[in-house]
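S.K.: Sequence isn't available, so here's the structure alone:
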DNA sequence: GAGTGGTCTAGACCACTTT
DNA sequence: AAGTGGTCTAGACCACTCG
C-alpha cells in the first residue's frame, strides 16, 4: 500500500488502480480475512486522492464480495474465499478453466435455420430472419456435463461456420474474429428432468434431474447477439452464490 | 417525478427517497421497460440536489437490477420485470412480499436436537452442541412452494420456540427479538427430484423436478447463525440472474 | 473525543453517443 | 455541438463505535 505508485494519466481509473492493489494484498495474504483494510481517510491521505475516490475503491471491493464495511468501525477483508462468480458473464470454456478443469465440446449439429419464435423474441429479430444454430455436448475432464444449443443472428457472423472450430470457445471466436464482445447476459435457471435425447447424450437415465439454463447475451450497447438453451446434469453441476445485505448499493459474488 | 417533494431533514437519505420514487414510477408503469430514466443532470436540476446524489439514486436502481446505464446514452429501465434479487439476502417472507404474493408457512415440526455433522460443519459448532430445528412448508398465495428445514444454534436464541410464531418471518423475529441481523449468506443450488415425503407435502408427484437450496447465513463479522436446507418446486420456481462484465463496480440482479 | 463509514455539495474534465 | 454517464476533487456534516 505504501509502495503504490498511481498513474494519474492512465486511462485506468484511479479507484480501479487502488482496488487492484488492495486485491493483490488480499490474495497474497498481506491482508488477512477479518482484518481491516486501510480506511478511506488513510487511503485518501497516503495516496493523495480525494476521499470519494478512496471510498469508491473500497466499495468496489465490497461489491466483489472480498470485503465488507461497518459504519463506525471500518472496512474488513471478507472471511470467504470465493472470487468466482455466478454474476460474471463467462463462457463454459472460461468457467471450466477458472475451476481448473479441461473443457471441450462435441459437435452435434451446426446449421443455418430460420429463427424460431422463442429466439426471435429474445434476440429481437423479425420472424423471417435466419440464425446460425450450433448444438454441442459440453465436456469437462472427459465427462459430459451438458447439452447446449446456441443461436446467433446470421448477418452478425455470416461465415462463422467456416471459421469456428466447434470444439473450442465460441466467445473467443466471436471476440477475436468479429469484434463481438459479450458484456452482459440475462439467465434463467429452472429445475427439470432429462428427456430421452439428453439422457442419451449425457449418459444418464431419462428423468434424471437437470438444470435448464436459458441465456440471452448482449454486447455493449444492449444488442442481443446470442440465445442459448442448455441442459446440465444435476449430479455434476452446482450453483453457488454469495448473497449480500439489502439493496441500496453494492452486493457481492459467488461461483460454482 | 415532477411532483416529488424531498424531505431534506428526514433520516431517510435523499438518494434513497429519489430511488424509491423512481421505483414507484417503474412499478406503476409510468416508466416502461427499455425507456430512459431521467438523466443525472435532469434529476439534479429538477430536485435541486447535487449530481452525485442523483447519480447515487440511479446507480442504486442499477444494483437492484431494475435499470442499467450506458455511457453516453442514458440510464434505462431494465427489461426484466422481477425485482427480486438472487443476490440479496432475503427470507422467504421478504421475497414473496416483494413479489406481491402473500407468504405464509405451515409448521411441520420444531424441536431442539443435537447438531448433525453437516450443520456442525457449516455453523462451525462442536458436535455436542444443540440446535433448534424448524421444519416448515412454505406457502405463497395458498400454493405450497417448498419445504424448508432451518437449524439455529440453541445458545443464540434459547427461548426462540416460545417467542416465535412459525407462520411468520423467522428473520424478523431474530432481528427484533434477538438483535440478530443476517447480512450475508452463501447459497448452493442443486437440481434434484422430490422424494415421497416432499411430494406429499408439496402436492406433487414423487420424482418431480425440484431445486435444492443449501444456505448458510452470517451476521456482520462473519459468525454463522443459520443453516437451511430447502426443497422448492421446479414447476413454480425460477431463478433469474443478470450477469455483468467483470468486476470493477456495480452490477444488477434478477429474481424468480 | 477520535476515528470510521454514510451522505451530500458544487463544481470540474473526460469519453462516448447522437444529432 | 449537445447530452449523457464515468471519474475526480476538496471540502462538509452526520451517526456510529470504541476506548
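M.R.: Nice, I can see it. In this text, all values refer to a predicted model and were calculated from it rather than measured experimentally. Residues are numbered from 1 along each chain as shown, chains lettered A, B, ... in the order given.
S.K.: Let's see the pLDDT reported for residue A:139.
M.R.: For residue A:139, the pLDDT comes out at 91.
S.K.: for residue A:88, same thing?
M.R.: Value for residue A:88, per-residue pLDDT: 64.
S.K.: Kindly report the residues of chain A close to DNA strand C.
M.R.: A:36-37, A:39-42, A:51-52, A:55, A:58-59, A:69-75, A:220-221, A:248-249 (C-beta under 7 Å from any atom of the strand). Where you see a C-beta, it was placed from the backbone N, CA and C, and this is true even at glycine.
S.K.: Quick check on those: which are buried?
M.R.: A:37, A:39, A:40, A:55, A:58, A:59, A:69, A:74, A:75, A:248, A:249 (16 or more other C-beta atoms under 10 Å in any protein chain shown).
S.K.: Just those residues: which are in helices?
M.R.: Those of those mapping onto helices are A:40, A:55, A:58, A:59, per DSSP state H.
S.K.: ok but residue A:139 is inside a helix, no?
M.R.: No - looking at residue A:139 with DSSP: H, G, I helix; E, B strand; the rest coil, it is strand, so not inside a helix.
S.K.: show me what contacts it?
M.R.: A:103, A:104, A:105, A:106, A:145 (C-beta atoms under 8 Å, 6 or more residues apart in numbering or on different chains).
S.K.: and the gap between it and residue A:149?
M.R.: Noted for residue A:139: a distance of 16 Å to residue A:149, by C-beta to C-beta, to the nearest Å.
S.K.: now swap in residue A:125 and tell me
M.R.: Distance, residue A:125 to residue A:149, by C-beta to C-beta: 16 Å.
S.K.: More neighbours: which of those two?
M.R.: residue A:125 (19 against 16; other C-beta atoms under 10 Å in any protein chain shown).
S.K.: got a list of what the nearest residue to the more buried one once chain neighbours are set aside touches?
M.R.: Once flanking residues are discounted, residue A:125 sits nearest to residue A:115: 5.2 Å by C-beta to C-beta, 6 or more residues apart in numbering or on different chains. Counting by C-beta under 8 Å, 6+ apart, residue A:115 touches A:123, A:125, A:127, A:129, A:130, A:131, A:151, A:153.
S.K.: Buried only: go through those for me.
M.R.: Buried, going by 16+ other C-beta under 10 Å: A:123, A:125, A:131, A:151, A:153, out of the contacts of residue A:115.
S.K.: Now do the same contact list for residue A:230.
M.R.: A:138, A:146, A:147, A:148, A:149, A:212, A:213, A:215.
S.K.: switch to 7 Å and redo it
M.R.: Taking C-beta atoms under 7 Å, 6 or more residues apart in numbering or on different chains, we find residue A:230 in contact with A:146, A:147, A:148, A:149, A:213.
S.K.: Which residues does it form beta bridges with?
M.R.: Beta-bridge partners recorded for residue A:230 (DSSP bridges): residue A:148, residue A:213.
S.K.: rewinding a little: would JSON lines of the ones in helices among the buried ones among the residues of chain A next to DNA strand C with pLDDT and distance to DNA strand D be doable?
M.R.: Output for these, formatted as JSON lines (pLDDT from 0 to 100; distance: C-beta to the nearest atom of the strand, whole Å):
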{"residue": "A:40", "pLDDT": "94", "distance to DNA strand D": "9"}
{"residue": "A:55", "pLDDT": "95", "distance to DNA strand D": "9"}
{"residue": "A:58", "pLDDT": "95", "distance to DNA strand D": "12"}
{"residue": "A:59", "pLDDT": "92", "distance to DNA strand D": "11"}
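S.K.: quick one, strands of the stretch 151-256 of chain A?
M.R.: A:182-193, A:209-219, A:224-233, A:239-243 (DSSP state E, counting those that start in this stretch).
S.K.: Now render the ones you listed as TSV, adding distance to DNA strand D and mean pLDDT.
M.R.: Shown next, in TSV, are the strands of the stretch 151-256 of chain A (distance: least, C-beta to the nearest atom of the strand, whole Å; pLDDT from 0 to 100):
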stretch	distance to DNA strand D	mean pLDDT
strand A:182-193	12	84
strand A:209-219	15	89
strand A:224-233	20	92
strand A:239-243	22	76
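S.K.: Turn those into CSV, including distance to residue B:6.
M.R.: What follows is those, written out as CSV (distance: least, C-beta to C-beta, whole Å):
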stretch, distance to residue B:6
strand A:182-193, 32
strand A:209-219, 34
strand A:224-233, 37
strand A:239-243, 31
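S.K.: Can you tell me which of the buried ones among the contacts of residue A:115 is nearest residue B:169?
M.R.: residue A:123 (40.7 Å; C-beta to C-beta).
S.K.: so the spatially closest residue to the closest one that is not a sequence neighbour bridges to which residues?
M.R.: Leaving aside its chain neighbours, residue A:123 sits nearest to residue A:224 (4.7 Å; criterion: C-beta to C-beta, 6+ apart). Beta-bridge pairing for residue A:224 (DSSP bridges): residue A:218.
S.K.: Go ahead and confirm residue A:224 touches residue A:119.
M.R.: No - shown here, residue A:224 and residue A:119 do not form a contact pair, counting by C-beta atoms under 7 Å, at 9.6 Å.
S.K.: More neighbours: which of the two?
M.R.: Just comparing residue A:224 and residue A:119: by other C-beta under 10 Å the higher neighbour count belongs to residue A:119, 24 against 20.
S.K.: Contact partners for the more buried one?
M.R.: A:131, A:151, A:227.
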